[in-house]
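# sequence? don't have it. structure:
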């Protein structure tokens, strides 16, 4: 089966492409780096010719409110139009657990707009919402740091390894369209502040983490429900402590 992965050269896309190729599928790793641009439309028709499934894991290069909305709306419309012409039978998109609860954020409003475009299209679809990636803990720590301290929310997260996200996406891509929104998460709920503290410690950073319920998460306040999945979420196996030990992030 031919599968096109939009954003196929990024963190999740690279892993997904490798997994799908490993089980024998013809996979196009589509991104501007490979001559396929979902914003301009360049290369889309050629990439989608003969494809049965499209998986969209592309992300906006800017998180500024207008820019991120423009990205997801323009890319979404272009992909759906090109898929319709190519008779693609399944549109899969990676989204974020809690999107509908985080609409004070321009990024999450943009992701919601992307999801609504997909639902309104006649193309069968599956939306897979994932929790926060382990790999983003460094970025969260950096965004929370002022001077020699990091103010971080104690809100619960149930983060997941990027490898596990790619595995879940591969399963979704090879299954029949759900025409629904599914969730995937890691195995443990933990306070964000504790996750950041453990990440910094594993990397030999002495930055002080201050637990602060008012500390923003990329601009908005969060609580225990904001970024945690529902009871029907698929739970993946990799634990944060194991990821830290196995990854470069866990090497001092």
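Cool, got the structure. Note that the structure is predicted; figures quoted are calculated from it, not measured.

# please, where are all the helices along the stretch 151-252 of the chain?
Here the stretch 151-252 of the chain has its helices, by DSSP state H, counting those that start in this stretch, at 162-174, 192-202, 240-246.

# where does pLDDT dip in this structure?
Scanning the chain with the threshold set as pLDDT under 70 gives 248-252.

# follow-up on the earlier one: kindly reformat the helices of the stretch 151-252 of the chain as CSV containing distance to residue 35 and mean neighbour count.
For glycine as for every other residue, the C-beta is placed from the backbone atoms N, C-alpha and C. Below are those laid out as CSV (distance: least, C-beta to C-beta, whole Å; neighbours: other C-beta atoms under 10 Å):
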stretch, distance to residue 35, mean neighbour count
helix 162-174, 22, 21
helix 192-202, 36, 20
helix 240-246, 33, 17
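
# closest one to residue 105 among those?
Residue 105 lies closest, by C-beta to C-beta, to one member of the helices of the stretch 151-252 of the chain: helix 192-202, at 15.3 Å.

# what comes into contact with the closest one?
137-138, 140-141, 144, 150, 152-157, 159, 206-207, 209-212, 217, 222, 240-241, 244, 249-250, 252 (C-beta atoms under 8 Å, 6 or more residues apart in numbering).

# got it, and stretch 19-37?
Residues outside stretch 19-37 that contact it (C-beta under 8 Å, 6+ apart) are 1-10, 13-14, 17, 38, 42-44, 46-47, 51, 58, 166-167, 170, 173-174.

# from residue 226, how far out is residue 137?
Distance of residue 137 to residue 226, computed by C-beta to C-beta, to the nearest Å: 17 Å.

# the two - which one has more neighbours?
residue 137 (25 against 19; other C-beta atoms under 10 Å).

# and that one, how close does it get to residue 33?
Counting by C-beta to C-beta - residue 137 and residue 33 are separated by 26 Å.

# now do residue 57: how many residues are near it, please.
26.

# leaving out the residues flanking it, which one is nearest to residue 105?
With C-beta to C-beta, 6 or more residues apart in numbering as the criterion, residue 105 has its nearest non-adjacent residue at 4.9 Å, and that residue is residue 220.

# how about residue 67?
Nearest one to residue 67, counting by C-beta to C-beta, 6+ apart, is residue 60 at 6.6 Å.

# show the contacting residues for that neighbour.
The contact partners of residue 60, by C-beta under 8 Å, 6+ apart, come to 67, 68, 71, 72, 107, 110.

# now, of the residues you listed, which are buried?
The neighbour-count criterion (16 or more other C-beta atoms under 10 Å) marks 68, 71, 72, 107, 110 among the contacts of residue 60 as buried.

# picking up where we left off before, could I get the helices of the stretch 151-252 of the chain in JSON lines, plus columns for distance to residue 116?
Formatted as JSON lines, the helices of the stretch 151-252 of the chain follow (distance: least, C-beta to C-beta, whole Å):
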{"stretch": "helix 162-174", "distance to residue 116": "19"}
{"stretch": "helix 192-202", "distance to residue 116": "28"}
{"stretch": "helix 240-246", "distance to residue 116": "32"}
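
# how about these, which one is nearest residue 127?
The nearest among the helices of the stretch 151-252 of the chain, by C-beta to C-beta, is helix 162-174 at 9.3 Å.

# which elements pack onto the closest one?
helix 11-22, strand 53-56, strand 90-96, strand 125-130, strand 181-185 (3 or more C-beta pairs under 8 Å, 6 or more residues apart in numbering; DSSP states H and E).

# for the fourth one, buried residues please.
Pointing back at strand 125-130 there. Under 16+ other C-beta under 10 Å, the buried positions of strand 125-130 are 125, 126, 127, 128, 129, 130.

# list the buried residues for the helix or strand just after that strand?
Remark: after strand 125-130, the chain's next helix or strand is helix 137-143, criterion DSSP states H and E. Buried residues in helix 137-143, counted by 16+ other C-beta under 10 Å: 137, 140, 141.

# columns distance to residue 118 on top of those, output as TSV?
Formatted as TSV, the buried residues of helix 137-143 follow (distance: C-beta to C-beta, whole Å):
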residue	distance to residue 118
137	29
140	27
141	32
